[in-house]
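Undergrad: structural data only, the sequence is not supplied:
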């Protein structure tokens, strides 16, 4: 299957004209209304001509310049819709319909300004991110003095002072101090995060009430925020496949209309016996109503609206093509740890021996926590977080290879370790161990040399948002596949809990990309969600690679989209927006072509005037643009 198509957003016309076109448009609007009330035909026509030249200035400029530029670039005649509308207006004036020509330009130029507004409105949400880009930092110099320097001058190893309320200038780690940091610009999370010595901090985030010293760990162009900005820029300069096809077809379509225009006039005069005057008039109407204005606006405003909507919800796409493709994926593959699961083990079950009293349980919990506080591994952290102690004991523990962690309390030696490190295990404990192990859980025992007193099971459990997403994808008949290096037993246990339809376990990192290719052969379009360096090859090979916002830089670099918070419900929302986008674009394409065909037929049978043709044709363009802007609204 071919790799993702990266499309460059190359507008046929530049929207950034400044205030002059607006001023000229308003002048033309005034002269048009004045001309409407003047009885002298010559003066009225002069005013209408001023309207065409003033209000149509940027239309004609875009039409001529773009046509010349594209013709030279492609080495073949490549006219655009603006040239077509300029010719229609001038043609109307040539046959004496100055008012109709002026009205045509007014409505077309007004619709064009509306499209510019729609695009600007859609871009505003994501462009606002640029304002968050850090500009300076407080560099600690060798003599201990502080110098304020540009953020772009900072380099790896520099030490910075960050004061209360400062914007953190770049990525790094805290060397001294502690604070709460507002990380909404990176993670989308509104609650400040507590940070202390050794913790990582990100450029563009806002420091809270504590001051600290940090060391720079990344160059300015390598920070997480700079990668987000790169995503933003790419999302605004990459069209969907539909928009790209429309851009490619537009000059061909306009050329065809210019060829059909004289043939239509000749056909009307010689075959339908309209006479030259009527044939020329209806030829102008034909030239006007066949202009692909609505078709040209069918995709871009809608896609930019979708990009803006998703940016507000913490999902950044590199371009419209990836958003459009997401709505038609047939399968979604997931990394397990840190993507589907929380990325850290949690205690799921605690089983005490039957003959242990409640008072003894409380004492044993105090001992377990006290021993695990001396350990330094994730399983110990999970146990400490799970239990609430009655008494905070201070014990000394030793880690003995082959036995586990050992400590003495009230003259009794206790140990915590894996099941194989205990000798006297009852059948009841063995059965419980087998049951939990078959569920993919890690089991540890607590007891003495002679007896197992308790069994603790732990597992990296799926996040609630992951469960909701899998249920949604299953309801949409989209295949879900887990690709993980974990043991088959553990992977299948997680998949059962959340409803994953297929599991690829014990997979080496280099084999993930190959599995993606196999899924593409089986299902067609495949999306992949991951967060680690080992997911990068799979993210590249998937039709849509989605990186978790808390993931590695490599994953974010190669992905086509990023979930800024590790909230899988945002992927569900993105899929809904994508489906809506595809539906809206299809509505726009069908509607715009239907209007063109209808107006041509009505014109041919004599039921269409130039003013009505202009009104209905440009009205359809406005309807298409407004339909696309609906994607700015939050979906239910």
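TA: Sure, I can see it. A quick note: this is a predicted structure, and the numbers were derived from the prediction, not measured.

Undergrad: what sits against residue 74?
TA: residue 251 (Cβ atoms under 8 Å, 6 or more residues apart in numbering). C-betas here are computed from N, CA, C, even on glycine.

Undergrad: could you check how far it is from residue 455?
TA: Taking Cβ to Cβ, to the nearest Å as the measure, residue 74 falls 73 Å from residue 455.

Undergrad: and what of residue 28?
TA: From residue 28 to residue 455 the distance is 84 Å (Cβ to Cβ).

Undergrad: centre of the chain to stretch 156-165, how far?
TA: 31 Å (Cα atoms, centre = their mean, to the nearest Å).

Undergrad: list the contacts of it.
TA: 137-140, 146, 154, 168-170, 172, 175, 179, 201, 206-219.

Undergrad: any quick ChimeraX command for the buried ones out of these?
TA: In ChimeraX, a selection of the buried entries from the contacts of stretch 156-165 looks like this (16 or more other Cβ atoms under 10 Å):
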select :137,138,139,140,154,168,169,170,172,179,201,206,207,208,210,211,212,213,214,216,217,218
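
Undergrad: sort out for me which of the contacts of stretch 156-165 are in helices.
TA: The helices, defined by DSSP state H, take in nothing from the contacts of stretch 156-165.

Undergrad: just give the closest residue to residue 104, not the sequence neighbours.
TA: Nearest non-adjacent residue to residue 104, counting by Cβ to Cβ, 6 or more residues apart in numbering: residue 614, 4.5 Å away.

Undergrad: dump the residue contacts of that neighbour.
TA: With Cβ under 8 Å, 6+ apart, residue 614 has these contacts: 100, 103, 104, 107, 108, 288.

Undergrad: pipe those into JSON lines and attach distance to residue 421 per row.
TA: Conversion of the contacts of residue 614 to JSON lines gives the following (distance: Cβ to Cβ, whole Å):
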{"residue": "100", "distance to residue 421": "93"}
{"residue": "103", "distance to residue 421": "89"}
{"residue": "104", "distance to residue 421": "87"}
{"residue": "107", "distance to residue 421": "83"}
{"residue": "108", "distance to residue 421": "82"}
{"residue": "288", "distance to residue 421": "86"}
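
Undergrad: ok, so of those, who is nearest residue 318?
TA: Nearest to residue 318 among those: residue 108, at 33.0 Å, using Cβ to Cβ.

Undergrad: verify the contact between the closest one and residue 294 for me.
TA: No: contact between residue 108 and residue 294 fails when scored by Cβ atoms under 8 Å: they sit 11.4 Å apart.

Undergrad: and the gap between residue 562 and residue 388?
TA: Distance from residue 562 to residue 388, by Cβ to Cβ: 37 Å.

Undergrad: more neighbours: which of those two?
TA: Shown here are residue 562 and residue 388; by other Cβ atoms under 10 Å, residue 562 has more neighbours (22 against 8).

Undergrad: is that one in a helix, a strand, or coil?
TA: What DSSP: H, G, I helix; E, B strand; the rest coil gives for residue 562 is strand.

Undergrad: do the same with residue 268
TA: helix.

Undergrad: do I have it right that it meets residue 281?
TA: No: using Cβ under 8 Å, residue 268 is not in contact with residue 281, being 9.4 Å away.

Undergrad: pull out the buried positions in the strand or helix carrying residue 309.
TA: Taking DSSP states H and E as the criterion, residue 309 maps to helix 300-312. Using 16+ other Cβ under 10 Å as the test for burial, helix 300-312 gives 300, 301, 302, 303, 304, 305, 306, 307, 308, 309, 310, 311.

Undergrad: got CSV for those residues, with pLDDT and distance to residue 256 too?
TA: Listed next are the buried residues of helix 300-312 as CSV, based on pLDDT from 0 to 100; distance: Cβ to Cβ, whole Å:
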residue, pLDDT, distance to residue 256
300, 80, 22
301, 82, 25
302, 86, 25
303, 85, 26
304, 82, 28
305, 85, 30
306, 87, 31
307, 83, 32
308, 81, 34
309, 86, 36
310, 86, 36
311, 79, 38
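
Undergrad: low pLDDT regions in the stretch 351-500 of the chain?
TA: 376-378, 402 (pLDDT under 70).
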